[in-house]
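> need a 3D model of the following:
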Amino acid sequence: QVQLAESGGGMVQAGGSLRLSCATSGRTSSMYAMGWFRQAPGAEREFVAAIRRSDGAPYYADSVKGRFTISRDNAKNTMYLQMNSLKPEDTAVYYCATGSSLLTWFRRTVNSYDYWGQGTQVTVSS
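A predicted model of the protein is given here:
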C-alpha cells in the first residue's frame, strides 16, 4: 500500500505561480512512476505530468509544457509540481498518483495508476 497527500494548492492570479507537493508513505520503493493529474468541474480527469522514480525523467502534457516542472526527492518521498505562468484554464483539483508498472509510465492514463491522493484545489483568476 502507498499513501499520498497533496498540499500547496490555493488561489492565484493569472501569470502567477504555485508549487504543489505530494508526500508519500508506505511501499514507495516499489513504485515505477509518479504523476500529476487534474480535474476541472464537469470535465474528465486529465494527465498533467509524470516522473520516473529511478532517474527523474519527466514527461508533460502539451498544455503545460514549458510552464510546469515536475520533480521528486526520493530521500523525502516527496514529489513536486512547480506551476508558472498560470492561466485560468489551469483551474482544477490537482491529484498526485503513483503506479508500479511500466504501463504507468508509458500509458499515462488514469487507470494505469494504482494509488491516488485526495486532491488539492488550484484556482487561477483572470
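> who does the residue positioned nearest the centre of the chain bridge with?
In the chain, the C-alpha nearest the mean C-alpha coordinate belongs to residue 36, at 1.8 Å (Cα atoms, centre = their mean). Counting by DSSP bridges, residue 36 forms beta bridges with residue 49, residue 96.
> what residues are up against it?
Applying Cβ atoms under 8 Å, 6 or more residues apart in numbering to residue 36 gives the contacts 20, 22, 48, 49, 50, 70, 79, 81, 94, 95, 96, 97. In this view, the C-beta of every residue, glycine as well, is placed from N, C-alpha and C.
> from residue 14, how far out is the residue lying closest to the second one once chain neighbours are set aside?
What sits nearest to residue 22 in space, not counting adjacent residues and going by Cβ to Cβ, 6 or more residues apart in numbering, is residue 96, at 3.4 Å. Shown here: residue 96 relative to residue 14, a distance of 24 Å by Cβ to Cβ, to the nearest Å.
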